[in-house]
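Undergrad: how does the following fold in three dimensions:
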Amino acid sequence: MNKERWLNEPLWTLDECAQLCCGHDPDESRGVDGKDDEQIEKLYVAIKKVKETINRAVRAETLECIEKSGVSKGDRVFDADKLFKPKVVTAWASKRYDDFPFKPEDFASLFSGEDEDGMPKLLSIAINAWQRVWVDKELGDKPLAKTIIPWLDEEFGLSDEELKAGSRKAQAIDMIIRPDNKKQGAVITK
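TA: From the prediction side, this is the model:
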């Protein structure tokens, strides 16, 4: 399993979450790789049970998800209407599933020092934030008017406890990623 790939994904689908909870790499086929029919059936049953548990946790508001807008009835039937933040799923799943491959501290290491390519972590965060805010429009089509600093602090764990207005790191990233033709900050949607 390519753990680095899954740690760096901005969002996971319900199916990916369930497979990871079962210790299965979502990038690998469920039906091949030397598994017999009985093993394949056990994996399908386990994934289905985990999906049910995740859906219950979402309904009970013990697991936060992002509801996709404009989904079809088919998307709802096939559980393609929800997305999950890896950090949130990890905090929840690592306490419940022994085969889940990640621990909350895995995310802390993403934001310290340098990444595996020698790129400073804050630069990696800035690039990721720019992609999500201005390219993927994760915070809306016209993210203007309010600051993205609290979002950066929450999303990437940048907050300086002593600063009430947001961390200096988040302020700097906000300034760097904001296009020249946009007002300071972006709308925060929760």
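
Undergrad: the residue nearest the centre of the chain - nearest residue in space that isn't next to it in sequence?
TA: Centroid-nearest residue in the chain, with C-alpha atoms, centre = their mean: residue 85, separated by 2.6 Å. In space, and not counting its chain neighbours, residue 85 is closest to residue 11: 6.4 Å by C-beta to C-beta, 6 or more residues apart in numbering. (Glycine included, C-beta is placed from N, CA and C.)

Undergrad: the one you found and residue 87 touch, don't they?
TA: No: at 10.6 Å, residue 11 does not count as touching residue 87 under the criterion of C-beta atoms under 8 Å.

Undergrad: who has more neighbours, the two?
TA: Between residue 11 and residue 87, counted using other C-beta atoms under 10 Å, residue 87 has the larger neighbour count: 19 against 16.

Undergrad: quick one: that one from residue 40, how far?
TA: Noted for residue 87: a distance of 31 Å to residue 40, by C-beta to C-beta, to the nearest Å.

Undergrad: and for residue 102?
TA: Going from residue 102 to residue 40 by C-beta to C-beta gives 24 Å.

Undergrad: more neighbours: those two, which one.
TA: Neighbours per residue (other C-beta under 10 Å) separate residue 102 from residue 40, with residue 102 holding more: 18 against 15.
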